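# The following block contains a protein sequence and its predicted model.
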Amino acid sequence: MSYLLAIDQGTTSTRCVVYDQKLNIIKSEQQEYSLLYPEDGWVEVDPSELLKSVYETLDPILNESFKIECVGITNQRETTLVWDSESGETIYNGIVWQDRRTANFCSSLKDQNLESIITQKTGLLLDPYFSATKISWILENIDGARAKAAEGKLRFGTVDTFLLWHLSDRQIHKTDITNASRTNLFNINTLQWDQELLDIFNVPLSMLPVVCSSDDKFGSLVRNGCDIPITGMIGDQQSALVGQECFERGDMKATFGTGCFLMVNSGPKPQISKTGLLSTVGYQLDGNINYALEGSIFSAGTTIQWLRDNMQFFNDSKSSIDLLSSSGQSNGVIFIPAFSGMGAPHWNASVRASFYGITRDTSKQDIVTAGFKALIYQVMDIRDALSEDGINIKNLAIDGGMATNEKFCQLLADFLGLNIRVPASTESTASGAAMTAGIGHGIFSPTKTLLESSSQSSIYKPRESIFSNADLEEWRKFLKVLMQTYS
């Protein structure tokens, strides 16, 4: 029997998953690693630790001699790496998507009235979240980097490109269209790197990878005596869109990982949001491009990790369910989870995480519940923004680690007033990478249903008298005060 391999490289862990051709999981390996926080608002990753996590999950699978037909790579997006094209060594740590160090640079470009040009071309906002200002920072702050770049001796890549470079024995410098669309350098109308954008951010074209469709034949994974075709590369949130089979306009998913990302298929033409959501490439499969609208929440699993590791409220993330109030009551405690600023639709890089309403009788349960509620409130903000953009959500499919928390899923249904569907397998990002590779290898078709029937999904229906609009308005009031203070 032959199999498919998905390499799912996330913000704080790497997972390698072997699937059969019915997308049943045959084997899975996972390895966590730590991020670095050298200054306030800075988030980095050691490239060697990132690669180590990939090899430590990949090698046990390769050593079992599965007959793997093809490989799909999915990755944390926007995280930026720059390396020497001759030595292959990175010239600085990877700057993670959550990093906010370029906020002042973004403000200076806004003062030059450049944001509207950038948004019209890229579908994105001018924000430190995206790769372009991260590349600029590295070129300006690392000795000799600007000169090397001018000589064509530096390469840029998001994590997909960085992995492909190493897994192909440093032979291939490519990316896919979904990752390219997250850089602020790629024109989603012309589907090319845009020279005007390159000039704005002062990034040489020679640094950038070749842009391919998500299901292209990228090359081969060459390791441990194996030579396996890589026929899929796709950004993690777009991969979950594929994994949840959102192939029709209006199909929507939410992935709860380190951050939370709501993405809706917006059809074959880009739609620029009026409310601060992102217009991005959803995927290019079998020759067809579909776009998406996305709402980005920077801190989801990050909040749970902070409660676990820094506050030591529980020993493992799964135990957070024990401290989550099933009724959503936090006794007046409000939490703004802005560890790295606020994402869509607020886009404030300066505001920081804050609690309000703590009294002498505040309990761990109140604080933990406030953390979960803050995430749900942000989902509600994105829901409202989508509505203003003409897209009304009737139901929501969710995946990711937090989708296994039954209390959270139920509260999400209660607060949104929607049915919440959780698939039998919540690892839609990995399955989407396998599906993308399978399409590229000619095994699957993007028009054919591949996954288990929805009858095997869990459906959470909203309960009455749980959601309090007054609590939501208090949360929004506190957020507004903080954003006015740190504007």
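Received the coordinates, thanks.

# CA atoms for contacts and neighbours, from now on please.
Fine.

# Give me the phi and psi for residue 470.
With angles defined as degrees, to the nearest 10, residue 470 sits at phi -60, psi -40.

# Could you check how far it is from residue 261?
25 Å (Cα to Cα, to the nearest Å).

# Secondary structure class of residue 396, three-state.
strand (DSSP: H, G, I helix; E, B strand; the rest coil).

# which residues touch the residue nearest to it when sequence neighbours are not counted?
Leaving out its chain neighbours, the residue that sits closest to residue 396 by Cα to Cα, 6 or more residues apart in numbering is residue 420, at 5.2 Å. Residue 420 is in contact with 395-398, 409-410, 412-413, 459-461, counting by Cα atoms under 8 Å, 6 or more residues apart in numbering.

# if you count what's nearby, which of residue 470 and residue 261 comes out ahead?
residue 261 (24 against 9; other Cα atoms under 10 Å).

# correct me, but that one touches residue 293?
No. Using Cα atoms under 8 Å as the test, residue 261 is too far from residue 293 to be in contact (10.3 Å).

# returning to what we had before: what helix or strand does the residue nearest to residue 396 sit in?
strand 419-422 (DSSP states H and E).

# partners of that strand in the sheet?
Sheet pairing of strand 419-422 (DSSP bridges) gives strand 395-399 (parallel), strand 458-460 (antiparallel).

# Format these as CSV; extra columns: mean neighbour count.
Shown next, in CSV, are these (neighbours: other Cα atoms under 10 Å):
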stretch, mean neighbour count
strand 395-399, 22
strand 458-460, 17
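
# Out of those, which gets nearest to residue 18?
strand 395-399 (18.8 Å; Cα to Cα).

# Let me know the average pLDDT across that closest one.
The pLDDT scores in strand 395-399 average 83.

# for stretch 95-111, same thing?
For stretch 95-111, the per-residue pLDDT averages 93.

# What are the contacting residues of the helix-or-strand element of the chain with minimal mean pLDDT?
The weakest-scoring helix or strand in the chain, judged by mean pLDDT, DSSP states H and E, is strand 395-399 (a mean of 83). Strand 395-399 is contacted from outside by 240, 244, 252-256, 418-423, 426-428, using Cα under 8 Å, 6+ apart.

# right, and the pair among those with maximum separation?
So, the contacts of strand 395-399 by Cα to Cα: farthest apart are 418 and 427, at 21.8 Å.

# ok, those two, which is more surrounded?
In this view residue 418 and residue 427 are compared by other Cα under 10 Å, and residue 427 has more residues nearby, 20 against 17.

# neighbours of the closest residue to that one other than its chain neighbours, just the number please.
Using Cα to Cα, 6+ apart and skipping residues adjacent in sequence, the residue nearest residue 427 is residue 400, 5.9 Å away. Using other Cα under 10 Å, residue 400 has 21 other residues around it.

# returning to what we had before: between the next helix or strand after the least confident helix or strand of the chain and strand 395-399, how many degrees?
Following strand 395-399 in sequence order, the next helix or strand is helix 406-416 (DSSP H and E). Angle, helix 406-416 to strand 395-399, by axes from the mean of the first three to the mean of the last three Cα atoms, to 10 degrees: 150 degrees.

# Quick check: buried residues in helix 406-416?
407-416 (16 or more other Cα atoms under 10 Å).

# ok so, going back, mark which of the contacts of strand 395-399 are buried, thanks.
240, 244, 252-256, 418-423, 426-428.

# where's the dip in pLDDT among those?
Among the buried ones among the contacts of strand 395-399, pLDDT bottoms out at residue 426, giving 72.

# mind listing the strands for the stretch 151-300 of the chain?
Assigned by DSSP state E, counting those that start in this stretch, the strands in the stretch 151-300 of the chain fall at 154-157, 174-176, 186-187, 192-193, 210-212, 219-223, 226-235, 252-256, 260-267, 278-285, 288-297.

# name the helices or strands packed onto the fourth one?
Helices and strands touching strand 192-193, by 3 or more Cα pairs under 8 Å, 6 or more residues apart in numbering; DSSP states H and E, are strand 186-187.

# any low-confidence regions in the stretch 201-350 of the chain?
Judged by pLDDT under 70, the stretch 201-350 of the chain has no weakly predicted residues.

# which residue sits farthest out from the middle of the protein?
The outermost residue of the chain, judged against the average C-alpha position, is residue 360 (37.8 Å), by Cα atoms, centre = their mean.

# so what pLDDT did that residue get?
94.

# what angle sits between the lengthiest helix in the chain and strand 288-297?
The helix spanning the most residues in the chain, taking DSSP state H as the definition, is helix 364-388. Angle, helix 364-388 to strand 288-297, by the same axes, to 10 degrees: 140 degrees.

# elements contacting helix 364-388?
strand 288-297, helix 301-309, strand 334-336, helix 406-416, helix 469-485.

# Report the angle between the last one and helix 406-416.
Helix 469-485 runs at 90 degrees relative to helix 406-416, counting by the same axes, to 10 degrees.

# Quick one: mean pLDDT for helix 469-485?
pLDDT averaged over helix 469-485 gives 91.

# Buried ones in that helix, by neighbour count?
Buried-residue list, helix 469-485, by 16+ other Cα under 10 Å: 471-472, 475-476, 478-479, 482-483.

# Now distance to residue 187 too, for those, in CSV please.
Supplementary listing: the buried residues of helix 469-485 in CSV, determined by distance: Cα to Cα, whole Å:
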residue, distance to residue 187
471, 41
472, 37
475, 37
476, 34
478, 37
479, 33
482, 34
483, 31
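
# Which of those residues sits closest to residue 87?
Closest to residue 87, out of all of those and judged by Cα to Cα, is residue 483, at 44.4 Å.

# ok, and the closest non-adjacent residue to the closest one?
residue 351 (6.1 Å).

# And for residue 314?
residue 308 (5.3 Å).

# for that neighbour, what are its contacts?
Contacts of residue 308 (Cα under 8 Å, 6+ apart): 314-317.

# before we move on, the earlier item: phi, psi of the residue farthest from the centre of the chain?
Dihedral angles for residue 360 - degrees, to the nearest 10 - are phi -60, psi -30.

# related to what we said a few turns ago, can you list the buried residues of helix 406-416 in JSON lines and add pLDDT and distance to residue 385?
Shown next, in JSON lines, are these (pLDDT from 0 to 100; distance: Cα to Cα, whole Å):
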{"residue": "407", "pLDDT": "93", "distance to residue 385": "25"}
{"residue": "408", "pLDDT": "93", "distance to residue 385": "22"}
{"residue": "409", "pLDDT": "93", "distance to residue 385": "21"}
{"residue": "410", "pLDDT": "95", "distance to residue 385": "22"}
{"residue": "411", "pLDDT": "95", "distance to residue 385": "20"}
{"residue": "412", "pLDDT": "94", "distance to residue 385": "17"}
{"residue": "413", "pLDDT": "94", "distance to residue 385": "18"}
{"residue": "414", "pLDDT": "94", "distance to residue 385": "19"}
{"residue": "415", "pLDDT": "94", "distance to residue 385": "16"}
{"residue": "416", "pLDDT": "92", "distance to residue 385": "13"}
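
# and which of these is nearest residue 270?
residue 416 (26.8 Å).

# Touching, the closest one and residue 380? I think so.
Yes. With contacts counted by Cα under 8 Å, residue 416 reaches residue 380, the gap being 6.6 Å.

# so which of the strands of the stretch 151-300 of the chain comes closest to residue 322?
strand 252-256 (18.8 Å).
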